[in-house]
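[1] Fold the following, please.
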Amino acid sequence: MNESDPMEIAEWGHPPHRHEEAQILYAVTGACVVTTPQRSLRVDTETAVWIPAGLDHAARFDPEFMPVVVCLEPGELVDGAPLAEARAVRVAPEQRRALLGFAREGDAVRSVALARSIAEALCGQAERPAVPRPSGPFAAPVLAALQEDPSHCDTLDEWAARLHCSVTSIRRAFVAETGMSFTEWRSRFRVEASLEALERGGVVAAVAARVGMTHNGYSLAFRRMLGCTPSEYRAHALRGSREDAAVCA
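    Next up is the predicted model:
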């Protein structure tokens, strides 16, 4: 049950509010940015967001946003599904099919068992960063440059000169399209780009330099984004690889 007045929904989305039930929010089309006191998370066709019961959050919708909302009362949650913090999770093809099937069912026949299975499948994943990919004229060129080389270090002044716009226009574009500042978005993008190298056992300082960050800056951004240090993430990934290899042997 929503504790805010439903008539207070603004044209751009929902003002700060909370729900008595936990929710999984997914986009059939378009995108949405969910903002909690801790961070902003993007919902799109590849990414769902888990919103715990009782968590204050707001949401901004783009014009094409069409949501799927899976609600679970506290008593309906099972081991492994409840999570204390909001999180973004990648949606695999089979999970997308389940979510679309859930959306097609009428309210009277929606199954708690199906809702549980979707929640367990999504929330059982290890969280991976879901860094938004902007597509507008002021932000997309920056994305393209960093995709080619994550260490690309042009300043906003240099980008503004190249794109024939103001620095303010670029800053506003990143906030509108990603829910975060340019600096925060670039740090998160670089952390995401570094994960494969860490999973292969890369040296943390070398991995940081490869994506254009100092060792300390990289470690701080990594912990803020993933809740662990790069070394802890690498150790966990390598341990998982060894276990997989043992199973296959």
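
[2] what's near enough to touch residue 206?
    Residues near residue 206 by CB atoms under 8 Å, 6 or more residues apart in numbering: none. Just so you know, the C-beta spots here come from the backbone N, C-alpha and C atoms, and that holds for glycine as well.

[3] mean confidence score for the helix or strand hosting it?
    Assigned by DSSP states H and E, residue 206 belongs to helix 204-210. Mean pLDDT, helix 204-210: 96.

[4] Please identify the buried residues of that helix?
    204, 207, 208, 210 (16 or more other CB atoms under 10 Å).

[5] roughly how far out does it sit from the chain middle?
    Counting by CA atoms, centre = their mean, to the nearest Å, helix 204-210 is centred 23 Å from the centre of its parent chain.

[6] and what of stretch 189-198?
    For stretch 189-198, the distance to the chain centre is 15 Å (CA atoms, centre = their mean).

[7] Same question for stretch 189-199.
    Going by CA atoms, centre = their mean, where stretch 189-199 is centred and where its chain is centred differ by 15 Å.

[8] Check what contacts it and list those residues.
    Residues from elsewhere that reach stretch 189-199 (CB under 8 Å, 6+ apart): 128-129, 131, 143, 146, 150-151, 204, 207-208, 210-213, 218, 221-222, 225-226, 230, 233-234, 237-238, 241.

[9] bridging residues for the residue nearest to residue 51 when sequence neighbours are not counted?
    Setting aside the residues directly before and after it, residue 51 is nearest to residue 23 in space (CB to CB, 6 or more residues apart in numbering), at 4.5 Å. Beta-bridge partners recorded for residue 23 (DSSP bridges): residue 51, residue 71.

[10] if we can go back for a sec, out of the contacts of stretch 189-199, which sit inside helices?
    Among the contacts of stretch 189-199, the ones falling in helices (DSSP state H) are 143, 146, 204, 207-208, 210, 218, 221-222, 225-226, 230, 233-234, 237-238, 241.

[11] Helices along the protein, start to end?
    Under DSSP H, the chain gives helices at 93-104, 112-123, 140-148, 156-163, 167-178, 182-199, 204-210, 215-226, 230-248.
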